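**Student:** quick one: sequence plus predicted model below, questions after.
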Amino acid sequence: MIHAAPDYDAAVIGGGLVGSAIAWGLARVGQRVIVLDEGDIALRASRGNFALVWVQNKGNGLAPYAGWTLNSATLWPDFAQELLDETGLDVKYQRPGGFHMVLSEREYEVREASLKRLHAQPGVPHYEWEMMDHARLASFLPDIGPEVVGASYSAWDGHCNSLRLFRALNVAMQKRGVDYRSNAAVSDVSHTAGEFRLSTAIGEVRAGKVVVAAGVANARIGAMVGLDVPVRAQRGQLLVTEKVAPFLHYPVSTIRQTDEGGVMLGDSQEEKTEAVVGHKVIAVLADRAQRMFPRLGSLNIVRTWAALRVMTKDGFPIYEQSSRCPGAFVATCHSGVTLAAGHALTVAPLIARGLLPEELFQPFSTRRFHVQKAA
Amino acid sequence: MFKRPREDARASLRFTFDGAAVEAREGDSVAAALLAAGATPCRTTPVSGAPRAPYCMMGVCFDCLVVVDGVGNRQACLVPVRDGMAVESQRGKRELGA
């Protein structure tokens, strides 16, 4: 019996920011790719996020995550430029440096201790960060309120228009020949003779490789290719104000003014699995934002929403090739915007070659969840 | 485009739109008064700068945004006209107040 070559070099399961970035990155290095997107029933974290490209505070407890985040932030300018060149869509990446503001001495101490602990870990690359008191912070952000005690700052923090990023990736991948299919939920994956056969809502798809990038569904879909991917949904609620003339020239971890003028206020971290908003949480977010910038109090909130983060047990991403089904990879994280450049320009070319090198990706494998407990 | 009915006997009020005097009737919304006076468009959009005028007249579409007595992005269809009110067109994004 003669087997025809599979239809695609790679099938990417999931058309969110992670799947789209990898699919575009694969096509960029010449792979024939299909993206199988679940459809509008999907949880769609990519449509609800806060759009930070954020470095400070990443990696406490897993030093390589700090470097991995910094790698993506470093690649972001080229990534954004390439998307602009290919699609004409400007994702408005800006890196003016960013702040995490604190409203009490206690919050200041906790923040400072946490960042000191992060940077004391072996393997965390050196980059510029500092704690600022109220007066120094006010020289950057003159509109802060009297309750603001200070902030942590990193020159590496920035933000973008993440909905436009999502669109740009979708346009760019299709321009590069990626076969993007919506309403193409995957129900089963089999692996025989080095080939994957995917049962999907649009029929059987055959591919040489599979990339599982389906967000919260990674737990279910990973199991089909021998990957144990312990992810759960974590709710975040956000608000956005009417559009106003630019006044906030730096992103703050929970407040940022978009390129189009709206001010986004975020973002809660709740162990809930329904993407619904509630006044209690929204009120706290709005209150804290108004204490940080009292002038925000004059603005109308035009929209609130909730989205579900894709969280692992320890909050760090997972990148791994299945040992049971070589050629099947999983990529999952809750920072699909920050890490988009790394996914497109670093992860995708490695997946194209069929190997995630140990020295870079061993820390992000699921083996960290299966360490034998001491007797 | 719009004409007031002859039998409309409501009292007259005066306000200004971009500095020019506009006559209104008691009970008019700012949007209704602007339409009756032909004072449109009343704003430009915050991103593309396209001109806009009152549309839904019931608080839904946000196309009638104007500056009322110095406060930006007010929905003209939901604000009753008061005598002496200073209304300005909303040009692009509103300014953040103090």
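**Tutor:** Here it is on my side, so go on.
**Student:** wait, what's in contact with the closest residue to chain B within the stretch 51-200 of chain A?
**Tutor:** Closest to chain B within the stretch 51-200 of chain A is A:D143: 8.4 Å, counting by C-beta to the nearest C-beta. Every C-beta, even on glycine, is put in place using the N, C-alpha and C of the backbone. Shown in contact with A:D143 (C-beta atoms under 8 Å, 6 or more residues apart in numbering or on different chains): A:247-248, A:293-295.
**Student:** one more: A:A27?
**Tutor:** Applying C-beta under 8 Å, 6+ apart to A:A27 gives the contacts A:33, A:173, A:176-178.
**Student:** pull the CA atoms of the helix or strand hosting it into CSV?
**Tutor:** Secondary structure from DSSP states H and E places A:A27 in helix A:17-28. Taking only C-alpha atoms (Å, rounded to 0.1, in the frame of the first residue of the first chain), the coordinates of helix A:17-28 have been written out as CSV:
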residue,chain,number,x,y,z
LEU,A,17,-2.7,34.3,19.4
VAL,A,18,-0.4,31.4,20.3
GLY,A,19,-1.6,29.2,17.4
SER,A,20,-1.6,32.1,14.9
ALA,A,21,1.9,33.2,15.9
ILE,A,22,3.3,29.7,15.5
ALA,A,23,1.3,29.1,12.2
TRP,A,24,2.7,32.3,10.7
GLY,A,25,6.2,31.4,12.0
LEU,A,26,6.0,28.0,10.4
ALA,A,27,4.7,29.3,7.1
ARG,A,28,7.5,32.0,7.2
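**Student:** just checking, what packs against whichever helix or strand comes after that helix?
**Tutor:** Downstream of helix A:17-28, the first helix or strand assigned by DSSP H and E is strand A:33-36. In this structure, strand A:33-36 packs against strand A:8-13, helix A:17-28, strand A:179-181, strand A:203-212, with contacts taken as 3 or more C-beta pairs under 8 Å, 6 or more residues apart in numbering or on different chains; DSSP states H and E.
**Student:** repeat that with 6 Å
**Tutor:** Applying 3 or more C-beta pairs under 6 Å, 6 or more residues apart in numbering or on different chains; DSSP states H and E, one finds that strand A:33-36 contacts strand A:8-13, helix A:17-28, strand A:179-181.
**Student:** tally of neighbours for A:P96?
**Tutor:** As a burial measure, A:P96 scores 12 neighbours (other C-beta atoms under 10 Å in any protein chain shown).
**Student:** got the phi and psi for A:L115?
**Tutor:** Here is the backbone geometry of A:L115 (degrees, to the nearest 10): phi -70, psi -30.
**Student:** in space, what's closest to it - neighbours in sequence excluded?
**Tutor:** Nearest residue to A:L115, sequence neighbours excluded (C-beta to C-beta, 6 or more residues apart in numbering or on different chains): A:S152, at 5.7 Å.
**Student:** A:H100 is in contact with the one you found, correct?
**Tutor:** Yes - using C-beta atoms under 6 Å, A:S152 is in contact with A:H100, at 4.7 Å.
**Student:** show me which residues of chain A sit near chain B.
**Tutor:** A:242-245, A:247, A:260-261, A:295, A:298 (C-beta under 6 Å from any C-beta of the partner chain).
**Student:** got a winner among those for most neighbours?
**Tutor:** Neighbour counts for these (other C-beta under 10 Å) peak at A:V244, which has 25 neighbours.
**Student:** which residues touch it?
**Tutor:** Residues in contact with A:V244 (C-beta atoms under 6 Å, 6 or more residues apart in numbering or on different chains) are A:261, B:93-94, B:96.
**Student:** bridged to it, which residues?
**Tutor:** B:R94 (DSSP bridges).
**Student:** what does A:R181 give?
**Tutor:** Bridge pairing for A:R181 - DSSP bridges - gives A:L36.
**Student:** for it, give its distance to A:G19.
**Tutor:** Relative to A:G19, A:R181 is positioned 12 Å away (C-beta to C-beta, to the nearest Å).
**Student:** one step back: and the helix holding A:A27, how far out from the chain middle?
**Tutor:** Centre-to-centre, helix A:17-28 and its host chain are 13 Å apart (C-alpha atoms, centre = their mean, to the nearest Å).
**Student:** which of the contacts of A:A27 are buried?
**Tutor:** Burial by neighbour count, 16 or more other C-beta atoms under 10 Å in any protein chain shown: within these this picks out A:33, A:173, A:176, A:178.
**Student:** can you name the two of these that sit furthest apart?
**Tutor:** The most widely separated members of those are A:V33 and A:R176, with 8.4 Å between them, by C-beta to C-beta.
**Student:** who wins on neighbours among the contacts of A:V244?
**Tutor:** Most surrounded of the contacts of A:V244: other C-beta under 10 Å gives B:R94, at 23 neighbours.
**Student:** residues contacting residue 13?
**Tutor:** You didn't pick a chain, so chain A it is. Counted by C-beta under 6 Å, 6+ apart, A:I13 has contacts A:36, A:186, A:212, A:214, A:221.
**Student:** ah, no, chain B please
**Tutor:** For B:L13, the contact set (C-beta under 6 Å, 6+ apart) comprises B:24, B:26, B:81, B:83.
**Student:** and it, backbone torsions?
**Tutor:** In terms of degrees, to the nearest 10, the main-chain angles of B:L13 are phi -130, psi 160.
**Student:** so how far is A:G59 from it?
**Tutor:** Counting by C-beta to C-beta, the gap from B:L13 to A:G59 is 64 Å.
**Student:** A:S268 now?
**Tutor:** Separation of A:S268 from A:G59 (C-beta to C-beta): 22 Å.
**Student:** can you give me the helices in chain B?
**Tutor:** Secondary structure of chain B (DSSP state H): helices at B:30-36.
**Student:** what sits against A:E112?
**Tutor:** By C-beta under 6 Å, 6+ apart, the residues touching A:E112 are A:M131.
**Student:** host element of it?
**Tutor:** Under the criterion of DSSP H and E, A:E112 resides in helix A:105-120.
**Student:** ok, the helix or strand just after that helix: who's next to it in the sheet?
**Tutor:** Next helix or strand after helix A:105-120 toward the C-terminus (DSSP H and E): strand A:129-133. On the basis of DSSP bridges, the sheet neighbours of strand A:129-133 come out as strand A:150-154 (antiparallel).
**Student:** which residues touch the partner strand?
**Tutor:** Here strand A:150-154 makes contact (C-beta under 6 Å, 6+ apart) with A:55-56, A:99-102, A:108, A:111, A:115, A:129-134, A:137.
**Student:** let's see 8 Å
**Tutor:** Strand A:150-154 has contacts (C-beta under 8 Å, 6+ apart) with A:55-57, A:97-102, A:108, A:111-112, A:115, A:127-134, A:136-137, A:140, A:252.
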